[in-house]
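S.K.: Turn this into a structure:
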Amino acid sequence: EVQLVESGGGLVQPGGSLRLSCAASGFTFSAYPMSWYRQAPGKERELVARISITGTGRSPVYAGSVKGRFTISRDNAKNTVYLQMNTLKPDDTAVYYCSAFGFGNEWWGQGTQVTVSA
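M.R.: Residues are numbered from 1 along each chain as shown. Just a heads-up that it's a prediction; the model follows:
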């Protein structure tokens, strides 16, 4: 059974930092690009960051609104993808989802809430 389990969300003040983790199981993690999406209330789900499989030489992709503040990374030995979020803003408030796409498959985690508020 494929599982993507996000953790690390919470309440943080503007300007603060959080690190999200997504633990994957049930598939060959290292063979899949991994992505973080987010969905704010009343808005569509949007791509936040995507990281390619290791060894392709491709740089991660970021949404313009988070470029320079967020960093996606992966640890294939731990089957985990991370999202380091710095200088958080109230507009970053959303449910953050981990996802894996490839080989005709599409998997999503259950999401973790991030709230940026004073």
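S.K.: Contacts only, for Val2.
M.R.: Taking C-beta atoms under 8 Å, 6 or more residues apart in numbering, we find Val2 in contact with 24-27, 100, 105, 107. Just so you know, the C-beta spots here come from the backbone N, C-alpha and C atoms, and that holds for glycine as well.
S.K.: at 6 Å what do you get?
M.R.: 26-27, 107 (C-beta atoms under 6 Å, 6 or more residues apart in numbering).
S.K.: ditto for Ser25
M.R.: Gln3.
S.K.: Could you rerun that using 10 Å?
M.R.: Ser25 makes contacts with 1-5, 79, as judged by C-beta atoms under 10 Å, 6 or more residues apart in numbering.
S.K.: Can you read off the backbone torsions of it?
M.R.: As for Ser25, its main-chain torsions (degrees, to the nearest 10) stand at phi -160, psi 160.
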